[in-house]
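Trainee: heads up, no residue letters with this:
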């Protein structure tokens, strides 16, 4: 997954539930999350490095000759050129 991180970059979440007579289960959960926008997902072999697929399909492909300033993928490196 390729992301553009956004402040505060890392968010933490804690949840705790104390046991009661009617529900004697104690529960404690913690989470750590990256915050930002997902730009794309690349499926590849960790052994060979071969790229199997990219989502969206245009992710990492060369820019058109006329750059579109509103394109969120503008300026990204070429990851999926071989597809």
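Mentor: Everything's here; your move. Keep in mind the model is a prediction, meaning the values are calculated, not measured.

Trainee: show me where pLDDT drops low in the chain?
Mentor: 63-83 (pLDDT under 70).

Trainee: what strand or helix carries the residue in it sticking out farthest from the centre?
Mentor: Computed with Cα atoms, centre = their mean, the residue of the chain farthest from its C-alpha average is residue 21, at 41.5 Å. If you go by DSSP states H and E, residue 21 is not part of any helix or strand.

Trainee: now swap in the one 10 residues further on and tell me
Mentor: Secondary-structure element containing residue 31, defined by DSSP H and E: strand 27-44.

Trainee: now do the helix or strand that that strand is followed by against strand 27-44, angle only.
Mentor: Following strand 27-44 in sequence order, the next helix or strand is strand 51-55 (DSSP H and E). Interaxial angle, strand 51-55 versus strand 27-44 (axes from the mean of the first three to the mean of the last three Cα atoms, to 10 degrees): 110 degrees.

Trainee: test my guess that residue 8 contacts residue 34.
Mentor: No - look at residue 8 against residue 34 with Cβ atoms under 8 Å: they stay out of range, at 10.1 Å. Where C-beta positions appear, they are placed from N, C-alpha and C, glycine not excepted.

Trainee: which one of these two has more residues nearby?
Mentor: A direct count of neighbours by other Cβ atoms under 10 Å for residue 8 and residue 34 places residue 34 higher, at 12 against 8.

Trainee: and that one, what are its bridge partners?
Mentor: residue 10 (DSSP bridges).

Trainee: contacts only, for it.
Mentor: Neighbouring residues of residue 34 by Cβ atoms under 8 Å, 6 or more residues apart in numbering: 3, 5, 9, 10, 11.

Trainee: how about the third one, nearest residue that isn't a chain neighbour?
Mentor: In space, and not counting its chain neighbours, residue 9 is closest to residue 35: 6.2 Å by Cβ to Cβ, 6 or more residues apart in numbering.
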